[in-house]
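*Asks:* Sequence plus predicted model, see below.
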Amino acid sequence: MARPPRRPPRRPAARPRGPARTEVVELDVDGTAVRLIRSSRRRRSIQAVLTTTGVEVRVPEGLDPEEERRSVADLVAKLHRRHRSEAVDLTERAALLARRHDLPVPTSIRWVGNQARRWGSCSPDSGEIRISDRLASWPPWVLDYVIVHELAHLVHVDHGPAFQALVDRYALAERARGFLIAMTYDGPGDDADGGPGNATDVD
């Protein structure tokens, strides 16, 4: 005699989710008005957006206070760098400097936010150049120096005399090197691989 088919086990009814708990705190982070929203619905991710009045940051409820403070400061700084970098046309700037100093034009040049230990880098084989978005808030002549430095790497991969001669075509090269060395030692997280002499070293 055939047995009747077994019924699938009944799943327990899902517990209704309670209302989200939120706490709003108004902060000042290095002169920027920050609206910090702590939410019970947010588990891990932290989000920050620019608003008409400043920056709004959403964080998980119960986040470690020190981690929260550090994360908010980092996100605010990153948003400001992104906003400033968008005002600089790197492609146009690199083409002008290449023409002015008789150097190759890169196939592409772009801002990046993940170069914690380099001011710039390039891939000589592909002709691609990447510039740290930290430079967006610094003097234009420093940015120009880093671009020239990377353009010179499209000709010479090493840092030998021939390479230095190309970089020194830029009139403010020595001044810019001094600025970057100072930032390497004074700025948190701005160490350069191999010491200050390689502050804009190529990957």
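*Replies:* All right, it came through fine.
*Asks:* switch to C-alpha atoms for all contacts and neighbour counts from now on
*Replies:* OK.
*Asks:* Now do stretch 52-70: distance to the chain's middle.
*Replies:* 19 Å (Cα atoms, centre = their mean, to the nearest Å).
*Asks:* what's the span of that stretch, first residue to last?
*Replies:* Terminal residues of stretch 52-70 are spaced 23 Å apart (Cα to Cα, to the nearest Å).
*Asks:* Any buried residues in it, and which?
*Replies:* The neighbour-count check on stretch 52-70 (16 or more other Cα atoms under 10 Å) flags 55, 56, 57, 58, 59, 60, 61, 68 as buried.
*Asks:* helices and strands around the lengthiest helix in the chain, which ones?
*Replies:* Secondary structure of the chain read by DSSP state H shows that its longest helix is helix 65-85. The helices and strands touching helix 65-85, judged by 3 or more Cα pairs under 8 Å, 6 or more residues apart in numbering; DSSP states H and E, are strand 47-50, strand 55-60.
*Asks:* Relative to residue 172, how far out is the spatially most central residue of the chain?
*Replies:* Averaging the C-alpha coordinates of the chain gives a centre point, and the residue nearest to it by Cα atoms, centre = their mean is residue 113 (1.9 Å). The gap separating residue 113 from residue 172 is 25 Å, by Cα to Cα.
*Asks:* What of residue 71?
*Replies:* From residue 71 across to residue 172, the span is 36 Å (Cα to Cα).
*Asks:* between these two, which one's more packed in?
*Replies:* The residue with the greater number of neighbours, taking residue 71 and residue 172 and applying other Cα atoms under 10 Å, is residue 71; the counts read 17 against 14.
*Asks:* contacting residues for residue 50?
*Replies:* Contacts of residue 50 were listed using Cα atoms under 8 Å, 6 or more residues apart in numbering, and they are 56, 79.
*Asks:* Ends of stretch 148-157, what's the gap?
*Replies:* Start-to-end span of stretch 148-157 (Cα to Cα) is 13 Å.
*Asks:* Report the buried residues of that stretch.
*Replies:* In stretch 148-157, residues buried by neighbour count (16+ other Cα under 10 Å) are 148, 149, 150, 151, 152, 153, 154, 156, 157.
*Asks:* ok, now stretch 30-47?
*Replies:* Residues of stretch 30-47 classed as buried under the neighbour-count rule (16+ other Cα under 10 Å) are 33, 34, 35, 36, 37, 38, 39, 42.
*Asks:* ok, which pair from these is furthest apart?
*Replies:* The span of the buried residues of stretch 30-47, defined through Cα to Cα, is set by 33 and 42 at 22.1 Å.
*Asks:* Which stretches in the protein count as strands?
*Replies:* Using DSSP state E, the strands found in the chain span residues 22-29, 32-39, 47-50, 55-60, 108-112, 120-123, 128-132.
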